[in-house]
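Enquirer: predicted coordinates and the sequence they were generated for:
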Amino acid sequence: QVQLEESGGGLAQAGASLKLSCAASGRTFHNMVIGWFRQAPGKGREFVARIRWNDGSTHYADSGKGRFTISRDNAKNTVYLQMNSLKPEDTGVYYCNLNQVGRGYWGKGTLVTVSS
């Protein structure tokens with residue numbers, strides 16, 4: 001069983017920065033992939049970024065390229081999402097997702113609100 005706990009959300013003004021954290025606990029494997037997704041009010045959940053734990057390779061949605069950076073801390077089993085130059089359209093609940101050995105796990109999410 002795997003547990004994911006997100007933190008770091010909050011209220012920010014447009015142009016500001018926030019850093020989200022996703023701490024993974026339980027039985028995790030070195031080949032896991034951890035990603036961030038978000039869900040804006042009234043919209044579906046969309047992919048934001050992901051990182052492969054074994055080699056650190058990353059992939060971003062176009063919406064975050066150049067503004068968001070995903071990274072990991074091996075010792076803490078934690079993934080971060082540094083979000084810079086925030087826009088009002090970045091508002092939403094940000095969810096952490098972990099995929100390994102054919103199974104996916106979700107955290108409960110952290111709310112990010114960006115005011116104009």
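Expert: Now that the structure is in, tell me what you want to look at.

Enquirer: can you list the weak-confidence ranges in the protein?
Expert: Within the chain, no stretch has pLDDT under 70.

Enquirer: once you drop chain neighbours, what's closest to the residue nearest to the spatial centre of it?
Expert: Geometric centre of the chain, nearest residue: residue 36, 2.9 Å, by Cα atoms, centre = their mean. Spatial nearest neighbour of residue 36, chain neighbours left out: residue 48 (4.2 Å); criterion: Cβ to Cβ, 6 or more residues apart in numbering. Using the backbone N, CA and C atoms, a C-beta is placed for each residue, glycine as well.

Enquirer: what is the neighbour count of that neighbour?
Expert: 23 (other Cβ atoms under 10 Å).

Enquirer: same question, the one 5 residues further on
Expert: Residue 53 has 20 neighbouring residues, counting by other Cβ under 10 Å.

Enquirer: what residues are up against it?
Expert: Under the criterion of Cβ atoms under 8 Å, 6 or more residues apart in numbering, the contact list for residue 53 reads 28, 30-34, 72, 74.

Enquirer: so of these, which ones are in strands?
Expert: Among those, the members found in strands (DSSP state E) are 33-34, 72.

Enquirer: before we move on, back to that, what does the helix or strand harbouring the residue nearest to the centre of the chain contact?
Expert: Following DSSP states H and E, one finds residue 36 within strand 33-39. Applying Cβ under 8 Å, 6+ apart, the contact partners of strand 33-39 are 20, 22, 24, 45-53, 70, 72, 79, 81, 90, 92-100, 109, 112.

Enquirer: got the buried residues for it?
Expert: 33-38 (16 or more other Cβ atoms under 10 Å).

Enquirer: can I get the residues you listed in CSV with distance to residue 7?
Expert: Shown next, in CSV, are the buried residues of strand 33-39 (distance: Cβ to Cβ, whole Å):
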residue, distance to residue 7
33, 20
34, 15
35, 17
36, 13
37, 16
38, 15
